[in-house]
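here is the input, now give the coordinates:
(chains A and B)
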2 protein chains.
Amino acid sequence: MEVCARNIDHAAALAAQVGAQAVSGPAELDTAVDFCIVAVNDDALPAVAGQLHLPHSVTVHTSGATEAEVLRGVSPHYGVLWSPMSFVRQEAMDYSSLPFCIEGSDAAAADAVERLARRVSGRVCRMDAGQRRWAHLSATVVNNFGNAMLAEVQRMAAQERLPFDLLLPIVNQTAQRAALDNLWSRQTGPAVRQDRNTIAAHRAMLAGHPRMLELYDVFTRLIADRDSSQ
Amino acid sequence: MEVCARNIDHAAALAAQVGAQAVSGPAELDTAVDFCIVAVNDDALPAVAGQLHLPHSVTVHTSGATEAEVLRGVSPHYGVLWSPMSFVRQEAMDYSSLPFCIEGSDAAAADAVERLARRVSGRVCRMDAGQRRWAHLSATVVNNFGNAMLAEVQRMAAQERLPFDLLLPIVNQTAQRAALDNLWSRQTGPAVRQDRNTIAAHRAMLAGHPRMLELYDVFTRLIADRDSSQ
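Numbers count the residues shown, from 1 in each chain, chains lettered A, B, ... in the order given. I've put the predicted structure just below:
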């Protein structure tokens, strides 16, 4: 097993953890390998793929937003091994519950990717490129936009002398309820009740927080116009 | 101890659980009580308060959005015992970590409310009416708007043949990161990178989901204009 990274120290650190050899560039990789995971930035994928020729390998990338075909010239079988999670170095994670979205250029590639994913996790889902695009967009909304909403509340709370950590239990409660069916039918709050007095009071408070006021108005309209028929 | 509710069956059920008497209306309550919790809908608070006269009591309501003064005529000491959580009958909850935001009309009232809250939870925060208004607005954003965002993604996923439960781990991951400092400095995703290709691809996919497209554009602008200086 070999680990190759732009930063040879990072390659050496990971190689030491998994009992592999560190190599300093794609040209030095053993071309006899039967599986290759290309885990690089989306932008770097075409250039790295251009340097790889692995005639006996199933080669996968780990990008949610990139077509499998970027690997077409690399090896006879290729695919995608992507997890809709946000990875941060040094942050502990429970890999056994990690969801994997996988794709293969053919049945043999898909089988090989699935076998690998199942060695780590029990939650492996084969999908086509179209489904993966929707999964990537959906993960962007719930993770990136979810963080942005929390970040803006955290910033506002600091200005308004409110201990933000009082809100952590309700943030977790809302996230846990995501496992329930038909979330629109469970919507609560002033917007769903069209409680004009509370909405007007909230909007007046937000006069000094224009970005939060814009969010407030968009969500209040979204909730009023919701389609809970599913 | 007495439990009074509009629905006498609900009063009897709770009374049986806590070893109390059920009574069928405010006029029947024992006026010698030394603590009274008025847990009714915000809209019903003024009318219920008008029926209560408890000369020896500390009386509190449990509304995040209502002033303590609605209880001024009820008893010599009054206040608020509010938790920024969403309560649903039959849903299990860990009360020991329940945050309480409390307020009292005077020091004796605040002390009495705090003693009561601390019998349930270790997370009790005294605040003034202004802070509580911000806590209520913030809880509305993270809970009601958070649920609306998840509901709309769930609805879209159903239309696009995407198993929504693949996203539950990242929803929980985002919520757990809310405990970290300066969330704006931790923002990730296409909007913070101003990755125009991915943003354009996402927007094209959302042509058939106009409400989600509106959310997408508002958050993409919010993230571009963010103030991460705190």
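
shaky segments in chain A?
A:228-230 (pLDDT under 70).

quick one: contacts of the helix or strand hosting residue A:11?
Assigned by DSSP states H and E, residue A:11 falls within helix A:8-18. Residues outside helix A:8-18 that contact it (CB atoms under 8 Å, 6 or more residues apart in numbering or on different chains) are A:1-5, A:20-24. Yep, even glycine has a C-beta here, placed from its N, CA and C like the rest.

any idea how chain A splits into domains?
According to automatic domain parsing, chain A comprises the domains A:31-132, A:180-230.

quick one: the strands in chain A?
Ranges of strands in chain A, per DSSP state E, are A:2-4, A:21-23, A:35-38, A:58-61, A:77-82, A:99-104, A:123-126.

in its sheet, which strands sit next to the last one, and in what direction?
Using DSSP bridges, the strands paired with strand A:123-126 are strand A:99-104 (parallel).

touching the strand it pairs with from outside, list them.
A:58, A:64, A:68, A:77-85, A:110-114, A:117, A:120-121, A:123-129, A:131-132, A:135, B:166-167, B:169.

over to stretch A:123-138?
A:64-65, A:67-68, A:80, A:82, A:84, A:97-104, A:110, A:114, A:117-118, B:153, B:156-157, B:160-164, B:166-167, B:201-202, B:205-206.

narrow the residues you listed to those in helices?
A:110, A:114, A:117-118, B:153, B:156-157, B:201-202, B:205 (DSSP state H).

spit out the contact partners of the closest residue to residue A:211 other than its chain neighbours.
In space, residue A:211 comes closest to residue B:222 once its chain neighbours are excluded; the distance is 5.6 Å by CB to CB, 6 or more residues apart in numbering or on different chains. Residues near residue B:222 by CB under 8 Å, 6+ apart: A:148, A:152, A:211, A:214-215.

again, 7 Å this time
Shown in contact with residue B:222 (CB atoms under 7 Å, 6 or more residues apart in numbering or on different chains): A:148, A:152, A:211, A:215.

with residue A:169 instead?
Taking CB under 7 Å, 6+ apart as the test, what residue A:169 contacts is B:85, B:97-99.

the closest residue to residue A:28 other than its chain neighbours: neighbouring residues, count only.
Taking CB to CB, 6+ apart, and ignoring the residues beside it in sequence, residue A:28 has residue A:4 as its nearest neighbour in space, at 7.2 Å. Around residue A:4 there are 23 other residues, counting by other CB atoms under 10 Å in any protein chain shown.

can you tell me which residues contact residue A:4?
A:11, A:23, A:25-26, A:29.

still on that earlier bit, need the buried ones from the contacts of stretch A:123-138 selected in ChimeraX.
This is how ChimeraX selects the buried members of these, with burial counted by 16 or more other CB atoms under 10 Å in any protein chain shown:
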select /A:64,65,68,80,82,84,98,99,100,101,102,103,104,110,114,117 /B:153,156,157,160,162,163,164,166,167,201,202,205,206
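
returning to what we had before: out of the strands of chain A, which one sits most buried?
Greatest average neighbour count among those goes to strand A:58-61 (a mean of 27), per mean count of other CB atoms under 10 Å in any protein chain shown.

export that one to PDB, keeping only CA atoms.
Provided in PDB are the C-alpha atoms of strand A:58-61 (Å, rounded to 0.1, in the frame of the first residue of the first chain):
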ATOM      1  CA  VAL A  58     -10.200   0.300 -10.000                       C
ATOM      2  CA  THR A  59      -9.600   4.000  -9.400                       C
ATOM      3  CA  VAL A  60     -12.100   6.200  -7.500                       C
ATOM      4  CA  HIS A  61     -12.300   9.900  -6.500                       C
END
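
who does it pair up with?
When DSSP bridges is applied, strand A:58-61 pairs with strand A:35-38 (parallel), strand A:77-82 (parallel).

out of the ones you listed, the one nearest residue A:186 is which?
With CB to CB, the closest approach to residue A:186 among the strands paired with strand A:58-61 belongs to strand A:77-82: 29.7 Å.

just give me how far the closest one sits from the chain centre.
16 Å (CA atoms, centre = their mean, to the nearest Å).

now what about it, what contacts it?
With CB under 7 Å, 6+ apart as the criterion, strand A:77-82 contacts A:37, A:58-64, A:68, A:71-72, A:100-106, A:108-110, A:112-113, A:116-117, A:132.

and the gap between residue A:5 and residue A:46?
In this structure, residue A:5 and residue A:46 are 18 Å apart, going by CB to CB, to the nearest Å.

of these two, who's got more company?
residue A:5 (18 against 11).

quick one, what contacts that one?
residue A:11.

distance check, it against chain B.
Going from residue A:5 to chain B by CB to the nearest CB, to the nearest Å gives 20 Å.

which residue sits farthest out from the middle of chain A?
residue A:197 (38.6 Å; CA atoms, centre = their mean).

quick check: residue A:192 touching residue A:225?
No - with contacts counted by CB atoms under 7 Å, residue A:192 stays clear of residue A:225, the gap being 11.4 Å.

higher neighbour count, the two?
residue A:192 (18 against 10).

in space, what's closest to the more buried one - neighbours in sequence excluded?
The nearest residue in space to residue A:192 (CB to CB, 6+ apart) is residue A:223, at 5.4 Å.

residue contacts, that neighbour?
So residue A:223 contacts A:187, A:191-192, B:148 (CB under 7 Å, 6+ apart).

same check, this time on residue A:157
Going by CB under 7 Å, 6+ apart, residue A:157 touches A:164, B:134, B:138.

now, which of those sits nearest residue B:53?
For these, the nearest to residue B:53 is residue B:134 (32.4 Å; CB to CB).

ok so, going back, distance to residue A:89 added to the contacts of residue A:157, as TSV?
Putting the contacts of residue A:157 into TSV (distance: CB to CB, whole Å) gives the following:
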residue	distance to residue A:89
A:164	25
B:134	35
B:138	31
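
from these, which single one is nearest residue A:53?
Out of the contacts of residue A:157, the member with the shortest distance to residue A:53 (by CB to CB) is residue A:164, at 51.8 Å.

now the end-to-end length of stretch A:70-83.
Stretch A:70-83 has an end-to-end distance of 18 Å (CA to CA, to the nearest Å).

so how far is that stretch off the chain centroid?
Distance, centroid of stretch A:70-83 to centroid of chain: 19 Å (CA atoms, centre = their mean).
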